[in-house]
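Asks: okay, predicted coordinates and the sequence, questions at the end:
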Amino acid sequence: MKNIIVGQSGGPTSVINSSLLGVFKTAKDLKVEKIYGMVHGIKGLLEKEVVDLKEKIKTDLDMDLLKRTPSSFLGSCRYKLPEILGNEETYKRIFEILDELNIGAFFYIGGNDSMDTIKKLSDYGNKIHSEIRFMGVPKTIDNDLAITDHTPGYGSAAKYIAATMKEIICDGLVYDYPVVTIVEIMGRNAGWLTGAAALAKGEDCQGVDMIFLPEIPFDIDLFLRKTGELLKENRSLVIAVSEGIKVKDGRYVCELADHVEYVDSFGHKQLSGTARFLAAQVAKTYNVKTRAIELSSLQRCAAHMTSRIDVTEAFNTGGAAVKAALKENLTGHVITLKRVSEDPYMCITEPADVHFIANIEKKVPLEWISKDGCFVTEELVHYIRPLIQAEIAPLWVDGLPRHLKLK
C-alpha cells in the first residue's frame with residue numbers, strides 16, 4: 001500500500017483536528033506505512049513542507065489532545081490553484097512531489113474553496129491517468145457546502161453562538177436604562193451561523209430580539225424602525241447580524257462606514273464593522289447606550305465548548321474519506337453527512353462527486369426566514385438543535401485546557 005498525505009485549508013474550526021485524527025487513525029489502522037501532513041496546505045506542499053504524522057502523534061494521549069485542540073494542527077492557507085489549462089507546470093510540480101513521497105491518496109480538509117482544490121487535482125489526475133486518489137473532507141463553520149446536510153465545525157460554532165448570546169442577554173438586563181447590543185456573527189453570503197442565535201431562547205432566556213441574515217437585502221430604515229418599536233417595550237435589546245448583510249444596491253453594510261481594502265486570493269473581501277456601524281446609527285437615532293460586539297474568530301476556536309456530536313461526525317468524515325479512497329478506490333469525491341433520522345437524530349456518511357459541491361454555496365432557505373426579514377423560523381431552530389448536543393471536556397492542566405502543538 002502506498003503512502004497518504006493530508007492537509008488542512010481555509011478558516012479553521014474547533015473540530016477540524018478531529019477530522020485530521022479520523023484520517024490519521026483510520027490510515028494507521030489500515031497499516032499505511034507513511035502518513036504525511038502538509039504544513040500550510042497545498043501552498044506548503046508546493047514548497048515541500050511536509051511532516052511525518054506518526055512522528056508527531058505518537059501516543060493515545062496525543063490523539064486525545066489533538067481531538068481537543070482548536071485551529072488547524074498542520075496550519076492552513078488560502079491558496080487558489082490556477083485553472084489547469086495554461087498552468088500545467090503548477091500541476092506537474094504537485095504530482096512530482098506526490099510521486100517522490102510515493103503517495104497513493106491525497107486528503108484535503110476544508111470548505112468550499114478547498115473542494116475546488118480537490119476538483120482541480122482530481123481532474124488533472126484523470127487527465128494524466130494518475131492512480132493517486134483525491135478526497136475532500138468537509139469543514140466549515142459557515143455550513144455552506146452543497147449536498148451535505150451540514151458540515152463538521154458548524155455544530156460547535158452554533159453551540160458557542162447560542163450560549164454566548166444567552167450570556168450577553170443576561171448582561172444587558174443588569175441596568176435600569178435602555179441598552180441596545182448589536183452582535184456581529186460570521187457569514188459572508190450564508191446566514192447559518194447567525195441563525196443559531198435563535199437557539200438562545202428558552203425557559204430561562206427571552207432570546208434575541210432580531211436576527212438579520214445575508215440571504216435577503218438589509219433595509220436600514222426597517223431595522224431602525226423595528227428597533228424603536230422594541231425600545232418602547234424593552235429595557236435591553238440584543239440583535240444578531242451577519243457580517244455579510246448587504247443593502248439593495250449590493251454593498252456590504254460594513255462598507256457604508258469603512259472602506260474594505262483587503263481581498264484574499266479567492267476574491268473575498270475582509271468584512272468587519274457591521275455591528276459598529278449599526279450601533280452608531282441606533283445611538284444617533286434614539287440617543288441610547290449601544291454596544292457593538294464582534295464574535296470574530298472566537299466562534300470558530302472555542303474548543304472548550306465543542307459539541308460531542310460535532311466532534312464525532314468530524315472524526316467519522318475523516319475516517320470515511322480514507323476508507324473510500326483506499327478500499328473503494330474513489331477519487332474526486334467529498335464525504336458528506338446524510339440525516340437519516342430526526343428522533344433520535346442520526347447522520348451517516350456518504351461520498352459525493354466533488355463537481356456537485358465545489359464552488360456552490362448552500363444558503364439558508366428563504367422559507368426559514370421570517371416574512372419581514374427580521375428573524376428566523378422554528379424550522380431552522382429544529383434543524384440546528386441536534387447538532388449542538390452533548391459536550392467533550394477539555395483535558396485541564398493547571399486550570400487551563402491542554403492542546404497538542406506541531407513542533
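Replies: Received, thanks.

Asks: pLDDT value on Glu96, please?
Replies: pLDDT recorded at Glu96 is 98.

Asks: so what touches the helix or strand it falls within?
Replies: Glu96 is part of helix 88-100, with elements assigned from DSSP states H and E. With CB atoms under 8 Å, 6 or more residues apart in numbering as the test, helix 88-100 has contacts from 5, 42, 45-46, 48, 81-82, 84, 106, 120-121, 124-125, 128, 130, 132. No exception for glycine: its C-beta is placed from N, CA and C like everyone else's.

Asks: the residues you listed: which two are farthest apart?
Replies: Lys48 and Ile84 (21.6 Å; CB to CB).

Asks: give me the subset of the contacts of helix 88-100 that lies in helices.
Replies: 42, 45-46, 120-121, 124-125 (DSSP state H).

Asks: Lys28: which of these is nearest?
Replies: Leu45 (20.9 Å).

Asks: would you map the helices across the stretch 101-250 of the chain?
Replies: Using DSSP state H, counting those that start in this stretch, the helices found in the stretch 101-250 of the chain span residues 112-127, 154-172, 192-195, 220-231.

Asks: point out the most buried one among the ones you listed.
Replies: helix 192-195 (a mean of 29; mean count of other CB atoms under 10 Å).

Asks: that older thread, just want the angle from the helix holding Glu96 to helix 112-127.
Replies: Relative orientation of helix 88-100 and helix 112-127, computed by axes from the mean of the first three to the mean of the last three CA atoms, to 10 degrees: 80 degrees.

Asks: if we go by neighbour counts, what in helix 88-100 is buried?
Replies: 90-91, 94-95, 97-98 (16 or more other CB atoms under 10 Å).

Asks: do the same with stretch 69-82
Replies: So stretch 69-82, judged by 16+ other CB under 10 Å, has buried residues 69-81.

Asks: restrict it to CA atoms and write it as CSV.
Replies: Extracted in CSV, the C-alpha atoms of stretch 69-82 (Å, rounded to 0.1, in the frame of the first residue of the first chain):
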residue,chain,number,x,y,z
THR,A,69,-7.1,21.2,20.0
PRO,A,70,-8.6,24.2,18.2
SER,A,71,-7.5,25.7,14.9
SER,A,72,-5.6,23.7,12.3
PHE,A,73,-2.8,21.5,13.7
LEU,A,74,-1.0,21.4,10.4
GLY,A,75,-1.5,25.1,9.7
SER,A,76,-3.7,26.4,6.9
CYS,A,77,-3.6,28.5,3.7
ARG,A,78,-5.9,30.5,1.4
TYR,A,79,-4.2,29.5,-1.8
LYS,A,80,-6.2,29.2,-5.0
LEU,A,81,-4.9,26.7,-7.6
PRO,A,82,-4.9,28.2,-11.1
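
Asks: and the contacts of it?
Replies: Stretch 69-82 is contacted from outside by 6-14, 16-17, 20, 37-44, 51, 66, 90, 113, 116-117, 120-121, 264-266, 300-303, 403-406, using CB under 8 Å, 6+ apart.

Asks: mark which of these are buried, thanks.
Replies: Buried members of the contacts of stretch 69-82, counted by 16+ other CB under 10 Å: 6-14, 16-17, 20, 37-44, 51, 66, 90, 113, 116-117, 120-121, 300-303, 403-404.

Asks: where does the stretch 251-400 of the chain dip in pLDDT?
Replies: 258-270 (pLDDT under 70).

Asks: can you give me the strands in it?
Replies: 289-294, 333-342, 345-353, 396-397, 400-401 (DSSP state E, counting those that start in this stretch).
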